[in-house]
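# Attaching a predicted model along with its sequence, questions to come.
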Amino acid sequence: MKEKFLKICPICNSDKLKKNYQFENFYILNCHNCGNAWRSNMYDEEKIEEIYCIDNYEDNPYFLYEIDMVLNMKNNRFKNYKQALDFLKASHIQRELLDIGCGTGTFLALAKRYGWNLTGIEISEKLSEKCKQNVPEARIITKRFEDADLEEGQFSLITMWDVIEHVIDPVEVISRIKNLLVAGGIALFCTPDESSFLAKVGKVLYNMNISSPALALHPTNHTYFFSRKGFEYIIKDLDMQVHKMYSQNAFFEHSEMASRIQKVGISMIEKVSGIADARYEMVIMARKKG
Ligand SMILES: [Zn+2]
């Protein structure tokens, strides 16, 4: 059994659900109470292991960027990292950073320049090996975050770049992150925004029976699709504060998003969305009280 059908909201337990999209092998359920959405047939731990450890996940173009590209700021992803690090620069006295799903270490390599003490967690052994070579100063743990043995209350910053939409139980994960933070510590999540302008355009096209953009915006390895309102619900429900929330320029180079025309269309929509701060990728910084 590798998939479980979730017919009650896994985040707030509401049964006020609506089927938002019907794709060939799965559908997307949306909760009216908390505003979050998820794939109907949820993966289990075995399937997660298969996706990220067995199926050559490390060959995904997301991981093909070399470390010098981080340091030379050559694309949006790295500008986004810098924006967040600049904002957080003066926030903390302690300097312990944990990056969950650290991949090849691109974010850790940049954070090193800001003086953070570095810990990374990576489920894929191959990516973890690359990360150790790229950022030898970092302590790297090769495990699923949920299974890693970490001391509570020791990190002042915990980051999850493009990861929370891949987990089986986001409430459990964010709750654990809260326990690992010092009082006043910050958790940063970057994830697609289901309430972004681009997602809305995808929905309009889907309603006109053009479903490929919507499918591309709901990749099969994403388990959850959060909206801003929905993510805020989770943070507040866990008795944390929203420290900052904003949208950033997305990084679509690695996407399965088909043609050049689609990419140009997306880039135009994203430019307009930027004016209203409603771009596809949202960043949420949540603060542990105290
Ligand atoms: Zn809900």
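Now that the structure is in, tell me what you want to look at.
# residue ranges with poor pLDDT in the chain?
1-3, 65, 69-70, 73-74, 92-94, 251-258 (pLDDT under 70).
# Can you give me the buried ones in the helix or strand hosting residue 262?
Per DSSP states H and E, residue 262 falls inside helix 260-275. Under the neighbour-count criterion of 16 or more other Cβ atoms under 10 Å, helix 260-275 has 266, 269-270, 273 buried. Yep, even glycine has a C-beta here, placed from its N, CA and C like the rest.
# Reformat the residues you listed as JSON lines; add distance to residue 144.
Listed next are these as JSON lines, based on distance: Cβ to Cβ, whole Å:
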{"residue": "266", "distance to residue 144": "32"}
{"residue": "269", "distance to residue 144": "35"}
{"residue": "270", "distance to residue 144": "32"}
{"residue": "273", "distance to residue 144": "33"}
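# out of those, who's near the ion?
When these are checked against the ion using Cβ under 5 Å from the ion, none falls in range.
# picking up where we left off before, on contacts alone, who are the packing partners of the helix holding residue 262?
helix 197-207 (3 or more Cβ pairs under 8 Å, 6 or more residues apart in numbering; DSSP states H and E).
# how about the helix it packs on as CSV, C-alpha atoms only?
Taking C-alpha atoms only, helix 197-207 is exported to CSV below (Å, rounded to 0.1, in the frame of the first residue of the first chain):
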residue,chain,number,x,y,z
PHE,A,197,-2.2,34.9,-9.8
LEU,A,198,-0.5,32.2,-11.9
ALA,A,199,-2.4,29.4,-10.1
LYS,A,200,-5.6,31.3,-10.7
VAL,A,201,-4.9,31.5,-14.4
GLY,A,202,-4.2,27.8,-14.4
LYS,A,203,-7.6,27.2,-12.8
VAL,A,204,-9.4,29.4,-15.4
LEU,A,205,-7.7,27.4,-18.2
TYR,A,206,-8.6,24.1,-16.5
ASN,A,207,-12.2,25.2,-16.4
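# Starting from residue 237, give me the distance back to the closest residue to residue 12 other than its chain neighbours.
Leaving aside its chain neighbours, residue 12 sits nearest to residue 34 (4.1 Å; criterion: Cβ to Cβ, 6 or more residues apart in numbering). Computed as Cβ to Cβ, to the nearest Å, the residue 34 to residue 237 distance reads 8 Å.
# so what sits against both of these two?
By the contact definition Cβ atoms under 8 Å, 6 or more residues apart in numbering, residue 34 and residue 237 are jointly contacted by residue 12.
# Looking at those two now, which is surrounded by more residues?
Between residue 34 and residue 237, residue 34 has the larger neighbour count (other Cβ atoms under 10 Å), namely 23 against 14.
# and the residue nearest to residue 12, which of the three is it?
Under DSSP: H, G, I helix; E, B strand; the rest coil, the three-state class of residue 34 is coil.
# right, and it touches residue 234 too?
Yes: using Cβ atoms under 8 Å, residue 34 is in contact with residue 234, at 7.5 Å.
# Could you tell me which residues touch both of these two?
residue 11.
# ok, now how distant is the residue lying closest to residue 197 once chain neighbours are set aside from the ion?
Closest residue to residue 197 apart from its sequence neighbours, by Cβ to Cβ, 6+ apart: residue 273 at 3.9 Å. The gap separating residue 273 from the ion is 25 Å, by Cβ to the ion, to the nearest Å.
# same check, this time on residue 63
Taken as Cβ to the ion, the span from residue 63 to the ion is 32 Å.
# hang on, isn't that residue packed against residue 102?
No: Residue 63 is beyond contact range of residue 102, at 10.7 Å (criterion: Cβ under 8 Å).
# the more surrounded of the two?
residue 102 (29 against 17).
# residues in contact with the residue nearest to that one when sequence neighbours are not counted?
The spatially closest residue to residue 102, leaving aside those adjacent along the chain, is residue 120, at 3.2 Å (Cβ to Cβ, 6+ apart). Residues in contact with residue 120 (Cβ under 8 Å, 6+ apart) are 98-100, 102, 105, 108, 131, 135, 138-141.
# Residue of the stretch 51-200 of the chain closest to the ion, please.
Across the stretch 51-200 of the chain, no residue is closer to the ion than residue 171, which sits at 10.1 Å (Cβ to the ion).
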